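Asks: Dropping a prediction and its sequence here:
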Amino acid sequence: MTGVTQERLLLTELPGPASQALAARRRAAVSSAVSVGNELYIDHGDGAILVDVDGNHLIDFGSGIAVASVGHAAPPVVAAVAEQAAKFAHTCFMVTPYPGYVELCEQLALLTPGSHEKRSALFNSGAEAVENAIKVARAYTGRQAVIAFDHAYHGRTNLTMALTAKVQPYKDGFGPFAPEVYRMGMAYPYRWPTGPEHCAEEAFADFVAKAHVQVGEEHVAAVIVEPIQGEGGFIVPAPGFLKMVADWCTENGVVFIADEVQTGFCRTGSWFASEHEGIVPDLVTTAKALAGGLPLAALTGRAEIMDAPVVGGLGGTFGGNPISCAAALAAIQLMKDADLAGAARRIGDRIGARLGELAQAHPQIGEVRGRGAMMAVEIVRPDGSRTPDAALAKAVIAGCVRRGLVVLGCGTYGNVLRFLPPLVMPDALLDDALDILAESFAEATA
Ligand code: PLZ
């Protein structure tokens, strides 16, 4: 804990002079292919506040893309990291193992959906967990085909690029992509042609038909889906759709993989978003909030599936790094002690109520959606056509950033504003953030 009060404080225009100097150095030293959402350079953080190099206190409404759920510099995480760093930073679990890795896998078995026997393996990034999920599903089924969905995001490595739906900016110029990946329609209620009430049934019927005709059930190793699609626009699948797909997987000997990299660890108001859908995935991928800000990812699932690859078939030098494991164990304990799932539900209610008011005032807000502390608005032209308005979304984000609120966009059409506060954000700060959002909206639509 760095002792920063949980209040916004602006000492300079944003970005300030020190940030601007760093921005110039960035352009000269960092590949332009790695883009930044703003040029506010961070010196330290505390809870839900980020302090930039000019001393401005910014409200964090992005959590570094759903990572800082326990807050920045959470004292138990800081202590666990310091303690482990002072003991040893690395041995490689495959060379000489250590207790933290085992303990974390035990926790993952307890926390992920379902009471069946489970095993886990640890990796460095969400994409790596997803790649390994596909490897495991193929080894278990002896099949090759993988089904992913429209609007999906699963990572930037070769196999996960193939699974990711959107070409710009994730795939442009980077092919050829991994074969045997098939894409099905997502039950996206807001944009379903015949209306949201038919969405789940029709999307599932289409899924079943395509899986039969274009892939062949007997060739499908896995279906992978985000229980709420993150980068694609915080799309909450029509109720019942995921359950039907999961049941189809069971009936056809297909491994059902829930990619909970963004939704996991209390973000949506429960430990995992799959719980809201009443589904028990065969495999679950996690990363992001798992380790309180340190890089770590996990693949957890049914013991018989996870044990299917040859002994030694999974691994990596840094996977399950001891400092990251210590941080994860501390973060998980904090999520339990502070009931961060409950906090996410309260945050969701507060954000949802305010966004509802905002939508009344602004016809450009086509839909307010999400769950818990994973809320979003989809921005459209105010003429009833539901035409995406990415330019307006960008303008609102810029207005927020200028006022000291770090907000992220997302969406297949770049027209979704998403709100991912740390789950420790106090109500007063949340209200300030929502005031800024309302002001920025009014400014951008004036
Ligand atoms: N699966 C569901 O959301 C990462 C991507 C940021 P990594 N999402 C943020 C960007 O533009 O690169 C993500 C996700 C879901 C997998 C991943 C991949 O996780 O840790 O970024 O590899």
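Replies: The structure has been received and is ready for your questions.
Asks: mind listing what A152 touches?
Replies: Residues near A152 by Cβ atoms under 8 Å, 6 or more residues apart in numbering: 163-165, 183, 186, 224-226, 229, 232. Any C-beta I mention is one placed from the backbone N, CA and C, and that applies to glycine too.
Asks: at 6 Å instead, please
Replies: By Cβ atoms under 6 Å, 6 or more residues apart in numbering, the residues touching A152 are A165.
Asks: Please name the residues that touch the closest residue to the ligand within the stretch 1-150 of the chain.
Replies: When scored by Cβ to the nearest ligand atom, the stretch 1-150 of the chain has G126 as its residue closest to the ligand, at 2.2 Å. Residues in contact with G126 (Cβ under 6 Å, 6+ apart) are 155, 261, 287, 297.
Asks: go on, F207?
Replies: Contacts for F207 (Cβ under 6 Å, 6+ apart) come out as M184.
Asks: how far away is it from Y182?
Replies: F207 sits at a distance of 10 Å from Y182 (criterion: Cβ to Cβ, to the nearest Å).
Asks: residues in this protein within reach of the ligand, list them.
Replies: Contact residues (Cβ under 6 Å from any ligand atom) of the chain with the ligand: 65, 125-127, 130, 153-156, 226, 230-231, 259, 261-262, 287.
Asks: For the chain, which segments count as helices?
Replies: With DSSP state H as the criterion, the chain has helices at 17-29, 63-66, 75-87, 99-111, 126-141, 158-163, 199-210, 241-251, 303-306, 322-337, 340-361, 390-402, 427-445.
Asks: Just name the most buried of those.
Replies: Each of these was scored by mean neighbour count; the highest is helix 126-141, a mean of 24, by mean count of other Cβ atoms under 10 Å.
Asks: Can you point out the buried residues in stretch 413-429?
Replies: 413-425, 429 (16 or more other Cβ atoms under 10 Å).
Asks: Contacts made by stretch 437-446 with the rest, please.
Replies: The contact list for stretch 437-446 (Cβ under 6 Å, 6+ apart) reads 358, 362, 364, 392, 395-396, 399-400.
Asks: May I have it as CSV, with CA atoms only?
Replies: Only the C-alpha atoms of stretch 437-446 are listed here, as CSV (Å, rounded to 0.1, in the frame of the first residue of the first chain):
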residue,chain,number,x,y,z
LEU,A,437,-18.5,9.6,-17.9
ALA,A,438,-21.8,11.5,-18.0
GLU,A,439,-19.9,14.8,-18.6
SER,A,440,-17.8,13.3,-21.3
PHE,A,441,-20.9,11.9,-23.0
ALA,A,442,-22.7,15.2,-22.9
GLU,A,443,-19.6,16.9,-24.3
ALA,A,444,-19.1,14.4,-27.1
THR,A,445,-22.7,14.4,-28.2
ALA,A,446,-23.3,18.2,-27.8
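Asks: Pick out the residue closest to the middle of the protein.
Replies: Nearest to the geometric centre of the chain sits Q262, at 1.8 Å (Cα atoms, centre = their mean).
Asks: nearest spatial neighbour of T194, skipping sequence neighbours?
Replies: Sequence neighbours aside, E202 is the residue nearest to T194 in space, at 6.5 Å (criterion: Cβ to Cβ, 6 or more residues apart in numbering).
Asks: if we can go back for a sec, relative to E39, which of the contacts of stretch 437-446 is nearest.
Replies: Closest to E39 out of these is C400 (14.5 Å), distances taken as Cβ to Cβ.
Asks: what's near enough to touch the closest one?
Replies: If a contact means Cβ under 6 Å, 6+ apart, then C400 has 407, 436, 440 as its contacts.
Asks: quick one, domains of this structure?
Replies: According to automatic domain parsing, the chain comprises the domains 17-73+339-445, 77-337.
Asks: How far does the shortest one stretch from one end to the other?
Replies: Spelled out, it's domain 17-73+339-445. 29 Å (Cα to Cα, to the nearest Å).
Asks: What of the longest one?
Replies: Taking Cα to Cα as the measure, domain 77-337 stretches 13 Å from start to finish.
Asks: Can you give the distance of that domain from its chain's centre?
Replies: Computed by Cα atoms, centre = their mean, to the nearest Å, the separation of domain 77-337 from the middle of its chain amounts to 11 Å.
Asks: Then the first one?
Replies: The gap between where domain 17-73+339-445 is centred and where its chain is centred comes out at 14 Å by Cα atoms, centre = their mean.
Asks: So that it lines up with my notes, have the first residue be 362 from now on.
Replies: In the new count, where the first residue is 362, that last one comes out as domain 378-434+700-806.
Asks: picking up where we left off before, got the domains of the chain as TSV, with distance to L371 and mean pLDDT columns?
Replies: As requested, the domains of the chain are arranged in TSV below (distance: least, Cβ to Cβ, whole Å; pLDDT from 0 to 100):
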stretch	distance to L371	mean pLDDT
domain 378-434+700-806	5	98
domain 438-698	25	98
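Asks: Run a quick check on E587 versus D620, I expect a contact.
Replies: Yes - contact criterion Cβ atoms under 6 Å: E587 and D620 qualify, at 4.8 Å.
Asks: Which residue is the nearest non-sequential neighbour of L791?
Replies: Distances taken as Cβ to Cβ, 6+ apart put R711 closest to L791, at 5.8 Å, once the chain neighbours are dropped.
Asks: And P656, by the same measure?
Replies: The shortest distance from P656 to any non-neighbouring residue, by Cβ to Cβ, 6+ apart, is to N485 (5.4 Å).
Asks: For the ligand, what's the nearest residue on the stretch 662-807 of the chain?
Replies: Closest to the ligand within the stretch 662-807 of the chain is C771: 8.9 Å, counting by Cβ to the nearest ligand atom.
Asks: so that residue bridges to which residues?
Replies: Per DSSP bridges, residues listed as beta-bridge partners of C771: V777.
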